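*Asks:* Predicted model, plus sequence, below.
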Amino acid sequence: MTATTTEDILGYRVLQDPQAYCLDAIADWIATGDRHRWLACLNPHSYVLALNDSPFAQALRAADWLIPDGAGIALASKLLGGHIHDRITGSDVFWGLNQRLDARGGCSCFFLGSTEDTLRQITARMARDYPNIRVAGVYAPPFKTEFSAEDNQAMLAAINAVRPDVLWVGMTAPKQEKWIDRHQDRLDVKFSAAVGAVFDFYSGRVKRSHPVFQRLGLEWLPRLLQQPRRLWPRTGISAPIFLWHVLRQRRKA
């Protein structure tokens, strides 16, 4: 299996390798692995949320692949003397891994999260974009802050009944990461990924920022202008707190 390297960013082991290398490692695991492994994203906002949410922090540290999802993580690496040069987003993993699995053929996936309408749109698009990947199932969980034991059992039963190779979870952070971490030993899948907004992007419900903004590390800007009330805390509150913690760590080094 392709080995990966990480570096410490404020107490989290973040993937240091380029995107293509990361995707190769995950694809290799899906082909040859013998247990469940999973991926989560670290960005300035998730870091700040985890400061006051210990189960979320635990989940981020438990992820087998914690990717640098955001220009802020790449900047932090530079300021702390690390070697992360480019971010890797949940969307990058979704598109890149599906391309590899579609070329190989014979793989299946499951989508957990969002709404039944969004899941129908995702299923239809997957059939067009990746005809060699079988969508083994989808499940729209109830919209609530905390799932009951019955809710969790229903989700696990739906997933394990079809034993997909890949489980895509889109329930927004930190719910999705904590759910995977809490149930990872009960999931009969090779690989899971907490990919949040990817469900909305791929279904077309939310338009992703133009590639120019993505390359410049400013993907957040058009989205902030579109959804200022929802996204302002990420940019106006979480980003400065994260940067302060990075600069404080740099002074200690």
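*Replies:* Arrived safely.
*Asks:* And stretch 175-182, what's buried?
*Replies:* Across stretch 175-182, burial judged by 16 or more other C-beta atoms under 10 Å covers 175, 176, 177, 178, 179, 180, 181. All C-beta atoms are positioned from the backbone trio N, CA, C, and that covers glycine.
*Asks:* Does the fourth one touch residue 54 like I think?
*Replies:* No: the criterion here is C-beta atoms under 8 Å, and residue 178 misses it with residue 54 at 10.3 Å.
*Asks:* mind putting the buried residues of stretch 175-182 in JSON lines, secondary structure included?
*Replies:* Shown next, in JSON lines, are the buried residues of stretch 175-182 (DSSP: H, G, I helix; E, B strand; the rest coil):
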{"residue": "175", "secondary structure": "helix"}
{"residue": "176", "secondary structure": "helix"}
{"residue": "177", "secondary structure": "helix"}
{"residue": "178", "secondary structure": "helix"}
{"residue": "179", "secondary structure": "helix"}
{"residue": "180", "secondary structure": "helix"}
{"residue": "181", "secondary structure": "helix"}
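*Asks:* any idea which element the nearest residue to residue 18 once chain neighbours are set aside lies in?
*Replies:* Sequence neighbours aside, residue 86 is the residue nearest to residue 18 in space, at 7.0 Å (criterion: C-beta to C-beta, 6 or more residues apart in numbering). Under DSSP states H and E, no helix or strand contains residue 86.
*Asks:* Tell me how many other residues surround residue 86.
*Replies:* 13 (other C-beta atoms under 10 Å).
*Asks:* Identify the residues contacting the nearest residue to residue 187 once chain neighbours are set aside.
*Replies:* Nearest non-adjacent residue to residue 187, counting by C-beta to C-beta, 6+ apart: residue 36, 5.0 Å away. Contact partners of residue 36, counting by C-beta atoms under 8 Å, 6 or more residues apart in numbering, are 184, 185, 187, 188, 189, 190, 191, 192.
*Asks:* Give the closest residue to the first one in space, chain neighbours not counted.
*Replies:* Distances taken as C-beta to C-beta, 6+ apart place residue 36 nearest to residue 184, at 5.5 Å, with adjacent residues excluded.
*Asks:* Also the fourth one?
*Replies:* Spatial nearest neighbour of residue 188, excluding adjacent residues (C-beta to C-beta, 6+ apart): residue 160 at 4.3 Å.
*Asks:* Could you pull out the helices in this protein for me?
*Replies:* Ranges of helices within the chain are 19-32, 44-51, 54-62, 71-79, 90-104, 116-129, 149-162, 175-183, 198-203, 211-215, 220-226, 228-232, 239-252, based on DSSP state H.
*Asks:* Quick check: buried residues in the first one?
*Replies:* Buried residues in helix 19-32, counted by 16+ other C-beta under 10 Å: 19, 22, 23, 24, 25, 26, 27, 29, 30.
*Asks:* ditto for the longest one
*Replies:* Within helix 90-104, the residues that qualify as buried by neighbour count (16+ other C-beta under 10 Å) are 90, 91, 92, 93, 94, 95, 96, 97, 98, 100, 101.
*Asks:* which intervals of the stretch 151-253 of the chain have sub-threshold pLDDT?
*Replies:* Applying pLDDT under 70 to the stretch 151-253 of the chain flags the ranges 206-236.
*Asks:* Could you rerun that using 90?
*Replies:* 172, 196-197, 204-239, 252-253 (pLDDT under 90).
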